[in-house]
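Novice: Have a look; sequence and predicted model below, questions after that.
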Amino acid sequence: MRRGGAGGLRRLWPWRARDESALAEIEAEITAFGEALNAHSFSPGQPGATDAMRAELARALDAYEQAKQELFVSGRARADTLDVPRALDEGRHALACLDALLTDEPLPERMPFCFFDARHGRAVRQARWAPPGGIARDIDVCAADAVRLTESPSPVAPQPEPVSALPGAQPRTAKFPPMAPLSDPQPQVSGKGSSGEQTHQLAMPSYRPALMVFSTNERGRVNLRFEDRKGRSSWLYRLTGDGAPLIARIPLPEAKKAVAFRVFAAGGREAWTVTSAPLRDVPRFYDEINGTGSDVVHYRGEPGPGVLRYEGPSVIQLEALDERLAYRVTVTEGSSGERTFQWPGRGYYQVRSAGAWSLSAA
């Protein structure tokens with residue numbers, strides 16, 4: 001791997017040596033993970049191999065490629081980027097799931113990243129914490145912050161010094177504000193009915209990309225309107241189901257701190273909840289999948305003909321998403337019935353629907 005003239009930079013700007021050191025560590029992690037992939041004994045064609053096993057291997061390979069892309073395409077200067085560690089974490093979890101499937105063991109649990117800073121790594125347990133003047137709640141924390149909260153429940157969490165910090169710079173600390181009103185960004189937003197008079201804000205999680213999960217306890221007809229269309233094909237989502245309670249997964253392609261939306265519920269005061277979820281919650285399939293209402297799916301098959309079947313009101317749309325869950329292109333759309341289309345290939349797809357549907361490879 002080329003490093004192009006770093007020696008002179010080290011003489012003129014000493015902190016660049018630390019950049020190169022961090023970069024070397026990241027490269028070593030990617031190399032080690034690649035070697036682990038090559039050394040793994042599983043083969044997709046071996047006797048007893050299942051689609052679930054092949055899917056986990058594919059997820060690990062995708063994570064490896066993403067880690068390399070994030071490091072070299074996004075810019076080598078960003079040695080402290082979180083994208084590479086997240087991709088490697090995804091890949092290691094995929095291999096752990098593959099090992100569990102091969103030995104007929106339960107799939108390993110996976111904690112989210114540390115609440116205070118994703119750079120701390122995966123959380124190891126939950127701890128009770130309250131911001132100044134706020135309400136105590138359970139948060140997911142790394143081992144170091146768990147000890148810190150045990151010793152002193154201070155709302156100030158020490159942050160690791162950025163790799164690109166200048167010599168002599170003091171490490172930064174993050175101060176968490178008191179609990180905010182409902183209209184401010186929240187990790188979970190709840191309400192009853194709505195006529196769209198209030199703009200809610202769902203705080204983006206530390207992991208990227210992510211999903212929004214909109215759910216109700218009772219059946220209902222809901223329209224969800226986003227305040228920013230960027231990364232989407234339209235502002236408005238119709239979430240009406242088939243008479244059952246709603247559970248809709250919607251992509252969150254934005255990289256900002258929160259996503260703003262309004263809820264329009266037709267009649268009644270049904271309770272609803274909005275929260276975020278990681279990509280591992282996206283259902284994967286090779287041959288066929290079915291569902292109701294809006295959802296995000298991960299097609300693992302090859303490019304070729306596909307079939308969409310739909311029963312419901314209004315129009316159904318199948319949209320291809322990019323690797324960050326932003327809208328790329330509409331693959332097919334139409335009213336109730338059956339239609340054929342062409343799968344562009346493996347990737348994430350969004351189904352925008354108000355009824356029952358099925359997708360398959362022809």
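Specialist: Received the coordinates, thanks.
Novice: Residues contacting the top strand by length along the chain, please?
Specialist: Longest strand in the chain by number of residues, with DSSP state E as the criterion: strand 210-219. Here strand 210-219 makes contact (C-beta atoms under 8 Å, 6 or more residues apart in numbering) with 202, 204, 222, 224, 239, 241, 243-252, 259, 268, 270-279, 281-282, 296, 325. For the C-beta atoms, the positions are set from N, CA and C on the backbone; glycine is no exception.
Novice: Can you spell out which helices and strands pack onto the next helix or strand after it?
Specialist: Once strand 210-219 ends, the next helix or strand along the chain (criterion: DSSP states H and E) is strand 222-226. Helices and strands touching strand 222-226, by 3 or more C-beta pairs under 8 Å, 6 or more residues apart in numbering; DSSP states H and E, are strand 210-219, strand 236-238, strand 245-252, strand 258-265.
Novice: Deepest-packed of these, please.
Specialist: Between the helices and strands packed on strand 222-226, strand 245-252 has the highest mean count of neighbours, a mean of 21, where neighbours are mean count of other C-beta atoms under 10 Å.
Novice: That one vs strand 258-265, what angle?
Specialist: Between strand 245-252 and strand 258-265, the angle comes out at 150 degrees (axes from the mean of the first three to the mean of the last three C-alpha atoms, to 10 degrees).
Novice: Just the angle for strand 245-252 relative to strand 222-226, thanks.
Specialist: With the same axes, to 10 degrees defining the directions, strand 245-252 sits at 20 degrees from strand 222-226.
Novice: Include mean pLDDT and distance to Glu65 when you put the helices and strands packed on strand 222-226 into JSON lines, please.
Specialist: Output for the helices and strands packed on strand 222-226, formatted as JSON lines (pLDDT from 0 to 100; distance: least, C-beta to C-beta, whole Å):
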{"stretch": "strand 210-219", "mean pLDDT": "86", "distance to Glu65": "20"}
{"stretch": "strand 236-238", "mean pLDDT": "85", "distance to Glu65": "31"}
{"stretch": "strand 245-252", "mean pLDDT": "89", "distance to Glu65": "21"}
{"stretch": "strand 258-265", "mean pLDDT": "88", "distance to Glu65": "28"}
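Novice: Let me have the ones you listed in TSV, adding distance to Pro85 as columns.
Specialist: As requested, these are exported to TSV (distance: least, C-beta to C-beta, whole Å):
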stretch	distance to Pro85
strand 210-219	16
strand 236-238	32
strand 245-252	20
strand 258-265	23
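Novice: what residues are up against the residue nearest to Glu338 when sequence neighbours are not counted?
Specialist: Excluding the flanking residues, the one nearest Glu338 by C-beta to C-beta, 6 or more residues apart in numbering is Arg309, at 4.9 Å. Listed by C-beta under 8 Å, 6+ apart, the contact set of Arg309 reads Gly337, Glu338, Trp357, Ser358.
Novice: neighbouring strands for the host helix or strand of the last one, and are they parallel or not?
Specialist: Right, Ser358. In this assignment (DSSP H and E), Ser358 forms part of strand 356-361. In the sheet, strand 356-361 lines up against strand 288-292 (antiparallel), strand 304-311 (antiparallel) (DSSP bridges).
Novice: returning to what we had before: which of the contacts of Arg309 sits closest to Leu321?
Specialist: Leu321 lies nearest to Trp357 out of the contacts of Arg309, by C-beta to C-beta, at 16.9 Å.
Novice: where's the residue nearest to that closest one when sequence neighbours are not counted relative to Ile316, distance?
Specialist: Distances taken as C-beta to C-beta, 6+ apart place Tyr310 nearest to Trp357, at 4.7 Å, with adjacent residues excluded. With the distance defined as C-beta to C-beta, to the nearest Å, Tyr310 ends up 4 Å from Ile316.
Novice: next one: Gln198
Specialist: From Gln198 to Ile316 the distance is 29 Å (C-beta to C-beta).
Novice: Which one's more surrounded, Tyr310 and Ile316?
Specialist: Legend: neighbour count by other C-beta atoms under 10 Å for Tyr310 and Ile316, higher for Ile316 (25 against 22).
Novice: List the beta-bridge partners for that one.
Specialist: For Ile316, the beta-bridge partners under DSSP bridges are Gly334.
Novice: Show the pLDDT at it.
Specialist: The model reports Ile316 with a pLDDT of 91.
Novice: wait, isn't the residue nearest to Trp357 in contact with Gly334?
Specialist: Yes - applying C-beta atoms under 8 Å, one finds Tyr310 in contact with Gly334, separated by 7.4 Å.
Novice: okay, and the common contacts of these two?
Specialist: Counting by C-beta under 8 Å, 6+ apart, the residues touching both Tyr310 and Gly334 are Ile316.
Novice: Walk me through the domains of this protein.
Specialist: If you go by automatic domain parsing, the domain ranges for the chain are 6-102, 111-158+175-179, 188-361.
Novice: Okay, now the unreliable bits of this structure?
Specialist: Within the chain, the ranges that satisfy pLDDT under 70 run 1-22, 72-83, 118-119, 121, 132-134, 151-183, 241-243, 255, 266-269.
Novice: centroid residue for it?
Specialist: Geometric centre of the chain, nearest residue: Ala210, 2.8 Å, by C-alpha atoms, centre = their mean.
Novice: Tabulate the contacts of Arg309 (CSV), appending neighbour count and distance to Arg229.
Specialist: As requested, these are exported to CSV (neighbours: other C-beta atoms under 10 Å; distance: C-beta to C-beta, whole Å):
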residue, neighbour count, distance to Arg229
Gly337, 10, 29
Glu338, 11, 31
Trp357, 23, 24
Ser358, 14, 29
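Novice: All set, thanks.
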